[in-house]
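[1] Sequence plus predicted model, see below.
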Amino acid sequence: MSKLSRQLAIKDIIAAGDISNQDDLRRELKRKGFTVTQATLSRDLHELGVIRTSTKDGSKYVLHTAEPRSDIRILSGREIISIDSNETLIVIVTLPGCANAVAQYIDTQHYDGILGTVAGDDTILVLPKKVKEISLILKYLRKLLLE
């Protein structure tokens with residue numbers, strides 16, 4: 001079965017019920033005829049924008065609805081304390097608890113010069129594909145997140 005049909009099944013399962021962990025989701029997928037590894041399932045959840053949230057009844061997966069880009073930019077700009085670099089890396093400092101959301105937003109932009117991000121609680125490490133392009137990436141990030 002195709003990746004698209006598997007991801008559609010994931011969306012249906014999450015929308016229909018209270019799935020609180022990947023094991024439960026894998027069991028539901030198996031009932032629908034999809035056998036997936038944990039790694040594949042993690043990638044699918046990331047690509048679909050599925051997040052795990054706390055409810056009064058416990059944690060569950062939900063489909064994250066994308067906000068308009070301008071709203072995210074305004075929110076991200078308020079969360080960012082600084083964007084700085086050295087010769088090899090870029091570090092973004094955010095308000096406490098905000099780094100994951102900002103890093104995910106950066107990742108969803110698929111900027112060719114960025115290899116990826118690593119987020120802690122209030123710090124994001126931005127990994128450039130080419131060190132010589134750090135100044136271009138800094139300019140891009142400042143425009144994306146602060147303007």
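    Cool, got the structure.

[2] worst-scoring helix or strand of the protein, pLDDT-wise?
    helix 69-79 (a mean of 54; mean pLDDT, DSSP states H and E).

[3] Any buried residues in the helix or strand following that one, and which?
    Sequence order places strand 80-85 as the next helix or strand after helix 69-79, per DSSP states H and E. By neighbour count with 16 or more other CB atoms under 10 Å, strand 80-85 contains the buried residues 80, 83, 85. (Glycine included, C-beta is placed from N, CA and C.)

[4] Likewise for stretch 8-23?
    9-10, 13-14, 19, 22.

[5] Contacts for it, please.
    Applying CB atoms under 8 Å, 6 or more residues apart in numbering, the external contacts of stretch 8-23 come out as 25, 28-29, 32, 34, 38, 41-42, 44-45, 48, 50, 52, 57-63.

[6] What's the end-to-end length of it?
    The first and last residues of stretch 8-23 sit 18 Å apart, counting by CA to CA, to the nearest Å.

[7] show me where pLDDT drops low in the protein?
    1, 64-77 (pLDDT under 70).

[8] mind checking the SS state of the residue most central in space within the chain?
    For the chain, the residue nearest the mean C-alpha position is Gln104 (3.3 Å; CA atoms, centre = their mean). Here Gln104 is recorded as helix under DSSP: H, G, I helix; E, B strand; the rest coil.

[9] can you pull out the strands in this protein?
    Counting by DSSP state E, the chain has strands at residues 50-55, 58-63, 80-85, 90-94, 114-119, 123-128.
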